[in-house]
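> Predicted model and sequence follow; I will ask about them next.
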Amino acid sequence: MSHGKQFTLYTHDRGPNGWKVAFVLEELGLTYESKFLDFNAGEHKGPEYLKLNPNGRIPALVDHKNNDFIIWESNAVIQYLVDRYDTAHKISVAPGTDEYYTQLQWLYFQASGQGPYFGQVAWFVVYHPEKVPSAVERYRNEVRRVLGVLESVLSKQEYLVAGKPTVADLAFLTWNNIAETFLLENFDFAKEFPATAKWHKKLLERPAIVKVLDDKAKVAAAHQ
(Lines give C-alpha, C1' and ligand atoms only; values in the text may rest on other atoms or scores of the structure.)
Protein backbone atom coordinates (compact mmCIF):
# COMPACT_ATOMS: atom_id res chain seq x y z
CA MET A 1 0.00 0.00 0.00
CA SER A 2 1.47 3.34 -1.01
CA HIS A 3 1.20 6.41 1.17
CA GLY A 4 1.43 10.03 0.05
CA LYS A 5 2.92 11.05 3.38
CA GLN A 6 5.75 9.34 5.21
CA PHE A 7 3.95 9.23 8.54
CA THR A 8 0.45 8.78 9.89
CA LEU A 9 -0.04 10.47 13.25
CA TYR A 10 -2.98 9.22 15.29
CA THR A 11 -3.91 12.03 17.60
CA HIS A 12 -6.70 14.18 19.04
CA ASP A 13 -7.72 17.70 18.16
CA ARG A 14 -7.19 18.99 21.71
CA GLY A 15 -4.74 16.44 23.14
CA PRO A 16 -1.45 18.20 23.99
CA ASN A 17 0.73 15.14 23.50
CA GLY A 18 -0.18 14.68 19.86
CA TRP A 19 0.56 18.28 18.97
CA LYS A 20 4.06 18.15 20.45
CA VAL A 21 4.85 15.27 18.07
CA ALA A 22 3.51 17.43 15.23
CA PHE A 23 5.95 20.16 16.32
CA VAL A 24 8.87 17.79 15.80
CA LEU A 25 7.60 16.45 12.48
CA GLU A 26 7.16 20.01 11.22
CA GLU A 27 10.54 21.17 12.54
CA LEU A 28 12.24 18.33 10.66
CA GLY A 29 10.26 18.91 7.45
CA LEU A 30 8.80 15.40 7.54
CA THR A 31 5.54 14.72 5.75
CA TYR A 32 2.64 13.39 7.79
CA GLU A 33 -1.10 12.96 7.85
CA SER A 34 -2.93 13.49 11.12
CA LYS A 35 -5.87 11.25 11.93
CA PHE A 36 -7.94 12.74 14.74
CA LEU A 37 -9.61 10.11 16.86
CA ASP A 38 -13.13 10.71 18.14
CA PHE A 39 -12.86 10.16 21.88
CA ASN A 40 -16.61 10.58 22.37
CA ALA A 41 -17.13 7.63 20.07
CA GLY A 42 -14.42 5.66 21.87
CA GLU A 43 -12.20 5.32 18.81
CA HIS A 44 -9.07 5.41 21.00
CA LYS A 45 -10.33 2.29 22.80
CA GLY A 46 -11.59 0.50 19.68
CA PRO A 47 -10.02 -2.71 18.35
CA GLU A 48 -8.48 -1.07 15.28
CA TYR A 49 -6.60 1.53 17.25
CA LEU A 50 -5.64 -0.88 20.03
CA LYS A 51 -3.78 -2.89 17.39
CA LEU A 52 -1.55 0.17 17.00
CA ASN A 53 -1.41 1.24 20.63
CA PRO A 54 -2.51 -1.28 23.24
CA ASN A 55 -2.57 1.51 25.82
CA GLY A 56 -5.48 3.19 24.04
CA ARG A 57 -4.03 6.69 24.32
CA ILE A 58 -2.74 9.21 21.82
CA PRO A 59 -0.46 9.69 20.04
CA ALA A 60 0.70 6.79 17.95
CA LEU A 61 2.88 7.19 14.88
CA VAL A 62 3.26 4.92 11.86
CA ASP A 63 6.42 5.32 9.76
CA HIS A 64 5.49 4.07 6.30
CA LYS A 65 9.08 4.29 5.05
CA ASN A 66 10.27 2.01 7.83
CA ASN A 67 8.06 -1.00 7.13
CA ASP A 68 5.06 0.70 8.78
CA PHE A 69 6.90 0.76 12.09
CA ILE A 70 4.54 1.79 14.91
CA ILE A 71 5.61 3.71 17.98
CA TRP A 72 3.56 5.28 20.78
CA GLU A 73 4.16 7.31 23.95
CA SER A 74 4.81 10.87 22.81
CA ASN A 75 8.37 11.30 24.03
CA ALA A 76 9.38 7.89 22.72
CA VAL A 77 7.94 9.00 19.37
CA ILE A 78 9.95 12.22 19.58
CA GLN A 79 13.14 10.34 20.45
CA TYR A 80 12.60 7.98 17.53
CA LEU A 81 12.12 10.88 15.14
CA VAL A 82 15.27 12.75 16.09
CA ASP A 83 17.44 9.66 16.43
CA ARG A 84 16.44 8.43 13.01
CA TYR A 85 15.75 11.59 11.02
CA ASP A 86 17.56 14.51 12.66
CA THR A 87 21.02 13.42 11.54
CA ALA A 88 22.07 17.09 11.26
CA HIS A 89 20.98 17.58 14.90
CA LYS A 90 18.84 20.58 14.04
CA ILE A 91 16.69 20.13 17.15
CA SER A 92 18.60 17.41 18.99
CA VAL A 93 22.07 16.45 20.13
CA ALA A 94 24.33 13.61 19.04
CA PRO A 95 23.55 10.19 20.54
CA GLY A 96 26.05 8.90 23.07
CA THR A 97 27.19 12.34 24.23
CA ASP A 98 26.68 13.62 27.76
CA GLU A 99 24.26 16.20 26.38
CA TYR A 100 22.22 13.42 24.76
CA TYR A 101 21.48 12.03 28.20
CA THR A 102 20.66 15.50 29.49
CA GLN A 103 18.18 15.75 26.63
CA LEU A 104 16.71 12.40 27.67
CA GLN A 105 16.58 13.57 31.27
CA TRP A 106 14.35 16.50 30.33
CA LEU A 107 12.14 14.33 28.11
CA TYR A 108 11.65 11.93 31.02
CA PHE A 109 10.93 14.81 33.37
CA GLN A 110 8.36 16.22 30.97
CA ALA A 111 6.67 12.83 30.65
CA SER A 112 6.68 12.05 34.37
CA GLY A 113 6.68 15.45 36.03
CA GLN A 114 4.89 17.89 33.76
CA GLY A 115 2.30 16.02 31.68
CA PRO A 116 0.64 13.94 34.45
CA TYR A 117 0.39 16.78 36.99
CA PHE A 118 -0.78 19.37 34.50
CA GLY A 119 -3.24 16.83 33.14
CA GLN A 120 -4.65 16.18 36.60
CA VAL A 121 -5.43 19.88 37.03
CA ALA A 122 -7.30 19.80 33.73
CA TRP A 123 -9.17 16.68 34.85
CA PHE A 124 -10.25 18.00 38.23
CA VAL A 125 -11.09 21.49 36.96
CA VAL A 126 -12.96 20.49 33.79
CA TYR A 127 -13.93 16.83 33.66
CA HIS A 128 -14.27 15.37 37.15
CA PRO A 129 -17.98 15.05 38.03
CA GLU A 130 -17.44 16.31 41.60
CA LYS A 131 -15.63 19.39 42.85
CA VAL A 132 -12.59 18.34 44.87
CA PRO A 133 -10.84 21.54 45.98
CA SER A 134 -8.02 19.68 47.77
CA ALA A 135 -7.11 17.80 44.58
CA VAL A 136 -7.19 20.98 42.51
CA GLU A 137 -4.96 22.72 45.04
CA ARG A 138 -2.51 19.82 45.13
CA TYR A 139 -2.07 19.63 41.40
CA ARG A 140 -1.98 23.39 40.90
CA ASN A 141 0.84 23.47 43.43
CA GLU A 142 2.59 20.81 41.36
CA VAL A 143 2.21 22.93 38.22
CA ARG A 144 3.98 25.77 39.97
CA ARG A 145 6.62 23.39 41.31
CA VAL A 146 7.40 22.09 37.82
CA LEU A 147 7.54 25.62 36.43
CA GLY A 148 9.88 26.45 39.30
CA VAL A 149 12.22 23.63 38.28
CA LEU A 150 12.34 25.04 34.75
CA GLU A 151 12.85 28.56 36.11
CA SER A 152 15.79 27.46 38.27
CA VAL A 153 17.60 26.26 35.15
CA LEU A 154 16.41 28.78 32.55
CA SER A 155 17.31 31.70 34.77
CA LYS A 156 20.93 30.61 34.24
CA GLN A 157 20.87 29.46 30.61
CA GLU A 158 18.87 30.16 27.45
CA TYR A 159 17.81 26.58 26.66
CA LEU A 160 17.67 23.30 28.53
CA VAL A 161 20.38 21.46 26.57
CA ALA A 162 23.43 22.33 24.48
CA GLY A 163 22.76 26.07 24.30
CA LYS A 164 20.21 25.65 21.52
CA PRO A 165 16.52 24.75 21.12
CA THR A 166 16.04 20.99 21.10
CA VAL A 167 13.22 18.53 21.59
CA ALA A 168 13.93 18.85 25.31
CA ASP A 169 12.50 22.37 25.08
CA LEU A 170 9.76 21.68 22.54
CA ALA A 171 8.27 18.84 24.60
CA PHE A 172 7.15 21.29 27.30
CA LEU A 173 5.36 23.73 24.99
CA THR A 174 1.85 22.33 24.73
CA TRP A 175 1.24 21.77 28.43
CA ASN A 176 2.81 25.11 29.34
CA ASN A 177 0.40 26.73 26.88
CA ILE A 178 -2.48 25.15 28.75
CA ALA A 179 -1.06 26.20 32.11
CA GLU A 180 -0.81 29.77 30.90
CA THR A 181 -4.36 29.87 29.59
CA PHE A 182 -6.52 28.07 32.14
CA LEU A 183 -4.89 25.69 34.61
CA LEU A 184 -3.94 28.34 37.16
CA GLU A 185 -6.07 31.13 38.54
CA ASN A 186 -4.80 34.71 38.40
CA PHE A 187 -1.60 33.48 36.81
CA ASP A 188 0.94 35.99 35.50
CA PHE A 189 3.50 33.79 33.74
CA ALA A 190 5.99 36.59 33.05
CA LYS A 191 5.84 37.85 36.62
CA GLU A 192 6.03 34.50 38.44
CA PHE A 193 8.48 32.70 36.16
CA PRO A 194 10.12 35.37 33.98
CA ALA A 195 12.92 33.27 32.46
CA THR A 196 10.56 30.39 31.67
CA ALA A 197 7.97 32.73 30.18
CA LYS A 198 10.62 34.35 27.96
CA TRP A 199 11.86 30.91 26.81
CA HIS A 200 8.30 29.75 26.17
CA LYS A 201 7.47 32.84 24.10
CA LYS A 202 10.63 32.49 22.03
CA LEU A 203 9.84 28.87 21.23
CA LEU A 204 6.28 29.76 20.22
CA GLU A 205 7.68 32.16 17.63
CA ARG A 206 9.51 29.45 15.70
CA PRO A 207 7.97 29.10 12.20
CA ALA A 208 7.27 25.37 12.54
CA ILE A 209 5.52 25.93 15.87
CA VAL A 210 3.49 28.82 14.47
CA LYS A 211 2.35 26.60 11.58
CA VAL A 212 1.31 23.71 13.82
CA LEU A 213 -0.56 25.95 16.23
CA ASP A 214 -2.33 27.53 13.26
CA ASP A 215 -3.29 24.03 12.08
CA LYS A 216 -4.51 23.27 15.61
CA ALA A 217 -6.72 26.36 15.64
CA LYS A 218 -8.21 25.40 12.26
CA VAL A 219 -8.93 21.85 13.43
CA ALA A 220 -10.52 23.14 16.63
CA ALA A 221 -12.75 25.50 14.63
CA ALA A 222 -13.77 22.69 12.29
CA HIS A 223 -14.66 20.40 15.23
CA GLN A 224 -16.83 22.91 17.06
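Nice, I can see it.
> CA only for contacts and neighbour counts going forward, please
Will do.
> so how far is residue 202 from residue 29?
Residue 29 sits at a distance of 20 Å from residue 202 (criterion: CA to CA, to the nearest Å).
> How about residue 116?
For residue 116 relative to residue 202 (CA to CA), the value is 24 Å.
> neighbour count winner among the two?
Comparing residue 116 with residue 202 by other CA atoms under 10 Å, the one with more neighbours is residue 116, at 16 against 11.
> now that one, what's its secondary structure?
Of the three states, residue 116 takes helix under DSSP: H, G, I helix; E, B strand; the rest coil.
> Residue 148 versus that one, what's the distance?
To residue 148, residue 116 is 16 Å away according to CA to CA.
> Which stretches in the protein count as strands?
Assignment of strands within the chain using DSSP state E yields the ranges 7-11, 32-36, 60-63, 69-72.
> ok, and what's touching the first one?
It refers to strand 7-11. 18-19, 30-37, 58-65 (CA atoms under 8 Å, 6 or more residues apart in numbering).
> next one: the third one
With CA under 8 Å, 6+ apart as the test, strand 60-63 has contacts from 6-11, 52-53, 68-74, 77.
> Looking at this protein, which helix is longest?
Criterion DSSP state H: the longest helix present in the chain is helix 133-154.
> other SSEs contacting that helix?
Packing partners of helix 133-154 (3 or more CA pairs under 8 Å, 6 or more residues apart in numbering; DSSP states H and E): helix 115-122, helix 194-204.
> And that helix, what's buried?
136, 139, 140, 141, 142, 143, 144, 146, 147, 150, 151, 154 (16 or more other CA atoms under 10 Å).
> Could you save the residues you listed as JSON lines and add columns showing pLDDT and distance to residue 197?
Formatted as JSON lines, those follow (pLDDT from 0 to 100; distance: CA to CA, whole Å):
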{"residue": "136", "pLDDT": "94", "distance to residue 197": "23"}
{"residue": "139", "pLDDT": "95", "distance to residue 197": "20"}
{"residue": "140", "pLDDT": "95", "distance to residue 197": "17"}
{"residue": "141", "pLDDT": "95", "distance to residue 197": "18"}
{"residue": "142", "pLDDT": "96", "distance to residue 197": "17"}
{"residue": "143", "pLDDT": "97", "distance to residue 197": "14"}
{"residue": "144", "pLDDT": "97", "distance to residue 197": "13"}
{"residue": "146", "pLDDT": "98", "distance to residue 197": "13"}
{"residue": "147", "pLDDT": "98", "distance to residue 197": "9"}
{"residue": "150", "pLDDT": "98", "distance to residue 197": "10"}
{"residue": "151", "pLDDT": "98", "distance to residue 197": "9"}
{"residue": "154", "pLDDT": "98", "distance to residue 197": "10"}
